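**Q** sequence first, then the predicted structure:
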Amino acid sequence: MRRFAALLSIVAGLWAGALCAQSETLWQIEEEGAAAYQAGRYGEAIRSWEEVVALSEKEFGVDHPQTAAFLKNLADAYQLQGRFEEAEARYKRSLAIWKEILEPGHPYLANGLAGLAETYRKQGRYAEAERLYKSALAIEKNALGPYHPGLATTLDNLALLFAEQGRYGEAEHLHRRALAIYETAYGTEHPDVAASLGSLGALYRELGRYEEAEPLLERALAIREKVLDPAHPDLISTLTTLALMHEAQGRYGDVERLLRRALAIGEKALGPDHPTIATSLNNLAAVYLREGRYDEAESLHRRALAIVEKALGPNHPNLAMNLHNLAAVYRDQGRLNEAEAHQKRALAILEKIQGPQHADFAAGLHNLAAVYQMQGRYGEAESLQKRALAIWEKTLGPEHPNVAAGFESYATLLRETGRDAEAAEFEARANAIRDKRDMGEREE
């Protein structure tokens, strides 16, 4: 979002003469698209910006820098809707225009490269994403210096990529570098400092390092409460991460309160149909599911599902996640046919959007296997478990936590089918992964 806002202001400054000559209609439509984008109505933003690109091509030409800027914004919206092929095409076209008119090390190029990298990350194309992020970092470091906030934004994004691959030590190092840059540039009480603290705190939460995570998240929340409006949407992510950490620690009394506060802020600041609201609803529903409040959990998941399908379309990874969440409610109630149907629909979306070798697709296979196991369909469950493990080992590496979790699930299946010796072998492999990772974290 920060990159999007910056690009519009930069373009407006550089081509002020051109902008004055533009039709009033073009800019009116562009502003409508921007408002829709900020409100999370990405389909509406896309329709507006597709028209803006067409008008810009007609008025300025297909290779004009203004057209490149509009293409980049359109690509951002496509990416958020999960329309990755369309996003990739627009990012590449925008970059091609910039490369023709700018010096090779111009910071605008880093902006486009980072957007394309994010598209690849969401598709599980990690090697390509890493290469582009590193290219963007090199440009930003040379053009802006090693302590510019723009560099910190890319460092945080690359850290997220590393964390997804289980490269937690590298992710932590980059998050710490980004935080140091933000604090040097802005001081200790800036919103970007809070965002970076939140990212590092979220990584520590994921790793179970709660004593390190909590002070970072509390500090991030304190900064945001001090410098932002009480209903600012940036508070949502910090409140949510704190709630998830408290849940993992068994501090259940705080969880629902924090999640309800995050939901209330989101509904007030963003409206009831923003994709962020769906995330808050899912998190709160997970609390209800843990407490056995199935009707309430199902109601919230269904509302979240409707929001996501309306805002992001029928083929978005977030929709698949929502279908999985609803399937979990059905599975825990023994409504296994309904759980199976929702898991299969989620898998179909993930296969179409991210491909059959993506780590998220493997997670979908793993979840469907759990349903089959509960139905006593052990052969089908085992086949899916093996397939999921093969994908995780290939895409995430043989020592990723998902692989350890997969080994444990497979061991449970083996024990249920009377194959205790094989089960013990996979349990030992899971423990070896965790022991090695724990040792590595202590050494760091």
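**A** Ah, there it is.
**Q** distance of Ile353 relative to Thr153?
**A** 26 Å (CB to CB, to the nearest Å). From N, CA and C alone the C-beta is placed, and that goes for glycine too.
**Q** can you check Leu258 too?
**A** Distance, Leu258 to Thr153, by CB to CB: 27 Å.
**Q** now do the SS call for Glu32.
**A** Glu32 falls in the helix class when you classify it by DSSP: H, G, I helix; E, B strand; the rest coil.
**Q** which residue packs closest to it, ignoring adjacent ones?
**A** The shortest distance from Glu32 to any non-neighbouring residue, by CB to CB, 6 or more residues apart in numbering, is to Ser48 (5.0 Å).
**Q** any idea which element that neighbour lies in?
**A** Here Ser48, judged by DSSP states H and E, is contained in helix 42-59.
**Q** please apply the same query to Leu326.
**A** Taking DSSP H and E as the definition, one finds Leu326 inside helix 317-332.
**Q** can you list contacts of the next helix or strand after that helix?
**A** Next along the chain after helix 317-332, taking DSSP H and E as the criterion, comes helix 336-353. Contact partners of helix 336-353, identified using CB atoms under 8 Å, 6 or more residues apart in numbering, comprise 82, 84, 123, 314-317, 319-321, 323-324, 326-328, 330-331, 358, 360-361, 364-365, 367-368, 371-372, 374-375.
**Q** do stretch 117-133 as well
**A** Here stretch 117-133 has contacts from 75, 79, 82, 84, 87-88, 91, 113-114, 116, 136, 154, 157-158, 160-161, 164-165, 317, 353-355, 357-360, 395, using CB under 8 Å, 6+ apart.
**Q** also stretch 167-185?
**A** Residues contacting stretch 167-185 (CB under 8 Å, 6+ apart): 146-149, 151-153, 155-156, 158-160, 162-163, 190, 192-193, 196-197, 199-200, 203, 206-207, 437, 440-441, 444.
**Q** please state the offset of that stretch from the chain centre?
**A** Put simply, stretch 167-185 sits 18 Å off its chain's centre (CA atoms, centre = their mean, to the nearest Å).
**Q** any buried residues in that stretch, and which?
**A** Using 16 or more other CB atoms under 10 Å as the test for burial, stretch 167-185 gives 167-168, 171-172, 174-175, 177-179, 181-183, 185.
**Q** what of stretch 239-257?
**A** By neighbour count on 16+ other CB under 10 Å, the buried set for stretch 239-257 is Leu239, Thr240, Thr241, Leu242, Ala243, Leu244, Met245, His246, Glu247, Gln249, Val255, Glu256.
**Q** just these now: which is nearest Glu218?
**A** Glu218 lies nearest to Leu242 out of these, by CB to CB, at 7.5 Å.
**Q** so that closest one touches Arg219, yeah?
**A** No. Judged on CB atoms under 8 Å, Leu242 makes no contact with Arg219 at a distance of 11.2 Å.
**Q** by mean pLDDT, which helix or strand of this structure comes out lowest?
**A** Ranking every helix and strand in the chain by mean pLDDT, DSSP states H and E puts helix 2-14 at the bottom, with a mean of 44.
**Q** follow-up on the earlier one: more neighbours, Ile353 and Thr153?
**A** Thr153 (24 against 21; other CB atoms under 10 Å).
**Q** apart from its chain neighbours, what residue comes closest to Pro233?
**A** Ala269 (4.5 Å).
**Q** which residues does that neighbour contact?
**A** Taking CB under 8 Å, 6+ apart, we find Ala269 in contact with Ala231, His232, Pro233.
**Q** before we move on, what SS does Gly292 have?
**A** Per three-state DSSP, Gly292 ends up coil.
**Q** measure it to Gln333 for me?
**A** 9 Å.
**Q** so can I have JSON lines of the buried residues of stretch 167-185 showing distance to Phe60 and pLDDT?
**A** Formatted as JSON lines, those follow (distance: CB to CB, whole Å; pLDDT from 0 to 100):
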{"residue": "Arg167", "distance to Phe60": "43", "pLDDT": "87"}
{"residue": "Tyr168", "distance to Phe60": "46", "pLDDT": "88"}
{"residue": "Ala171", "distance to Phe60": "41", "pLDDT": "95"}
{"residue": "Glu172", "distance to Phe60": "45", "pLDDT": "96"}
{"residue": "Leu174", "distance to Phe60": "38", "pLDDT": "97"}
{"residue": "His175", "distance to Phe60": "40", "pLDDT": "97"}
{"residue": "Arg177", "distance to Phe60": "39", "pLDDT": "97"}
{"residue": "Ala178", "distance to Phe60": "36", "pLDDT": "97"}
{"residue": "Leu179", "distance to Phe60": "40", "pLDDT": "97"}
{"residue": "Ile181", "distance to Phe60": "36", "pLDDT": "97"}
{"residue": "Tyr182", "distance to Phe60": "36", "pLDDT": "97"}
{"residue": "Glu183", "distance to Phe60": "41", "pLDDT": "97"}
{"residue": "Ala185", "distance to Phe60": "35", "pLDDT": "95"}
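**Q** just checking, what packs against the helix or strand harbouring Ala195?
**A** According to DSSP H and E, Ala195 maps onto helix 191-206. If contacts are counted by 3 or more CB pairs under 8 Å, 6 or more residues apart in numbering; DSSP states H and E, helix 191-206 sits against helix 149-164, helix 168-186, helix 210-227, helix 234-248.
**Q** cool, thanks, signing off.
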